[in-house]
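> Structure of the sequence below:
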Amino acid sequence: MTSSHEGLAPQVRLRTLGEIERAGLWSLDRVITEYLQGGSGSELTVRRNRSAFDRIRFVPRVMSGLPHPSTATSLLGVDLRIPVMTAPFGSDGYFHPEGHRAVARANERFGICGVVPEAGTFSAEQLATAAPKGAAFGQLHPMGTEANFRSMVQRYVDAGYRGLVLTLDCPTPGWREHFLLNEFRVDKRVVSGNYPPDAEIDMEQALARLNPATQPAWTWDKLSELLADYPLPWLAKGILTAEDAVAALDAGAAGVIVSNHGGRQLDGVRSTIEALEPIAAAARGRGAIVLDSGIRRGSDVVKAVALGADAVLIGRLSAYGIAAAGEDGAYQVLELLRREIETVLILLGRGDITDLDRSSVEWES
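Below is the predicted model of the structure:
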């Protein structure tokens, strides 16, 4: 179920994010590596998510006299030491036995929070107990039966979560050819934390719950009506157009997550950093804006904030961290991001991460 190696000893100091990625991948079986790194179709969107960042140039201001910039911000009332949250990547037990428990503990130690997966190795309650400040948002898929959806929302409320993330771009799994080539089947143990086989909902029902084939498709109106009964703010994840961002906010979302699922769903869509600006313009003043997909460096975080994001999500980076060295590896990912963000801010001549704006960057022609 897990890696072919046990990762690096916690005391090993990984010096760069690239080194963490290489160490994490070294610890994993080939099939799991392809599962983690792969995307859908020809993986054009996976590549585009990265190449688009390379087309953004910084516009520095020298002689600013700002040697100690602030990297802190907040999102929906949750304080963040840097504008980063961890993404709700499922099947986390493949990358380390402690999975999102290690991620949540690292988040809490460092001073950020994360989104926990609905289909992961551990339950919402287990993750909240492990690190309540590090696991502040709970993921749901708006599909299947209303009863199961309401039950999961109530569990997040009862466990003390601060908000919800509704993943909207998974009405069916993406066309992932590495699954076909490897004859890959997800191990039930890494997706059943919230729906264990001995629960009232058995495993087959739990997995079917995430497949809407036997249920009518959900609508914004239905989502709005169901969530109005609960006190938690929610973010709409999977938004790639200004029109959908407005629709989400009209339905009651507290913000949107600009995401193409890391290139793992519909191949051939625009990169999220390209989609960010028009979405930010449409949503400005109405809700939080988070960027997901493609973040690999602290400089990427700075570019995203300059183009309108309040924060970003990291998924693969966090998975590399726990694969390399468990909780300590996940913590080192965050610390390296912080140090690079701070360096970029100093060189840009910006004294606070929240001071960034469109004048800080420019697109190549």
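
> element containing the spatially closest residue to residue 110 that is not a sequence neighbour, please.
Nearest residue to residue 110, sequence neighbours excluded (Cβ to Cβ, 6 or more residues apart in numbering): residue 334, at 4.4 Å. In this view, the C-beta of every residue, glycine as well, is placed from N, C-alpha and C. Applying DSSP states H and E as the criterion places residue 334 in helix 316-348.

> so what does that helix touch, helix or strand wise?
helix 17-26, helix 30-37, strand 56-58, strand 84-86, helix 99-110, helix 298-306 (3 or more Cβ pairs under 8 Å, 6 or more residues apart in numbering; DSSP states H and E).

> Quick one: mean pLDDT over the fourth one.
Strand 84-86 comes out with an average pLDDT of 98.

> Could you give the separation of that strand from the chain centroid?
From the chain centre to the centre of strand 84-86 is a distance of 7 Å (Cα atoms, centre = their mean, to the nearest Å).

> elements contacting it?
Applying 3+ Cβ pairs under 8 Å, 6+ apart, one finds that strand 84-86 makes contact with helix 99-110, strand 114-116, strand 311-314, helix 316-348.

> residues of stretch 335-349 that come out buried?
336-338, 340-342, 344-349 (16 or more other Cβ atoms under 10 Å).

> partners of residue 86 in the sheet?
Note on residue 86: beta-bridge partners residue 114, residue 314, judged by DSSP bridges.

> how about it, what does it touch?
By Cβ atoms under 8 Å, 6 or more residues apart in numbering, residue 86 lies in contact with 103, 107, 112-115, 313-315, 318, 330.

> go on, residue 256?
Neighbouring residues of residue 256 by Cβ under 8 Å, 6+ apart: 235-237, 239, 244-245, 248-249, 279, 283, 287-290.

> any idea whether it is helix, strand or coil?
In three-state terms, and counting by DSSP: H, G, I helix; E, B strand; the rest coil, residue 256 is strand.

> repeat for the one 10 residues further on
In the three-state summary, residue 266 is assigned as coil, counting by three-state DSSP.

> right, and it touches residue 171 too?
No: using Cβ atoms under 8 Å, residue 266 is not in contact with residue 171, being 10.3 Å away.

> What number of residues are in the vicinity of the residue nearest to residue 110?
Neighbours of residue 334 under the rule other Cβ atoms under 10 Å: 24.

> can you check residue 67 too?
Applying other Cβ under 10 Å, we find 8 residues neighbouring residue 67.

> What's the local residue count around residue 77?
Applying other Cβ under 10 Å, we find 10 residues neighbouring residue 77.

> Could you do residue 309 as well?
Neighbourhood size, residue 309 [other Cβ under 10 Å]: 27.

> That one: what's it in contact with?
Residues in contact with residue 309, defined by Cβ under 8 Å, 6+ apart, are 83, 258, 276, 280, 289-291.

> one step back: got the helices and strands packed on strand 84-86 as JSON lines, with mean pLDDT and distance to residue 178 columns?
Shown next, in JSON lines, are the helices and strands packed on strand 84-86 (pLDDT from 0 to 100; distance: least, Cβ to Cβ, whole Å):
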{"stretch": "helix 99-110", "mean pLDDT": "98", "distance to residue 178": "21"}
{"stretch": "strand 114-116", "mean pLDDT": "98", "distance to residue 178": "25"}
{"stretch": "strand 311-314", "mean pLDDT": "98", "distance to residue 178": "22"}
{"stretch": "helix 316-348", "mean pLDDT": "97", "distance to residue 178": "15"}
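
> Can you find the helix or strand in this structure with the smallest mean pLDDT?
None of the helices or strands of the chain scores lower by mean pLDDT, DSSP states H and E than helix 203-209, at a mean of 50.

> Counting by contacts, list what the next helix or strand after that helix packs against.
Per DSSP H and E, the first helix or strand lying C-terminal to helix 203-209 is helix 220-227. Judged by 3+ Cβ pairs under 8 Å, 6+ apart, the packing partners of helix 220-227 are helix 146-158, helix 242-250.

> Mind doing that once more with 7 Å?
helix 146-158 (3 or more Cβ pairs under 7 Å, 6 or more residues apart in numbering; DSSP states H and E).

> most packed of the helices and strands packed on strand 84-86?
Mean neighbours per residue, mean count of other Cβ atoms under 10 Å, is largest over these for strand 114-116, with a mean of 31.

> Which residues does that strand contact?
85-88, 100, 103-104, 107, 124, 127, 134-135, 137-139, 165 (Cβ atoms under 7 Å, 6 or more residues apart in numbering).
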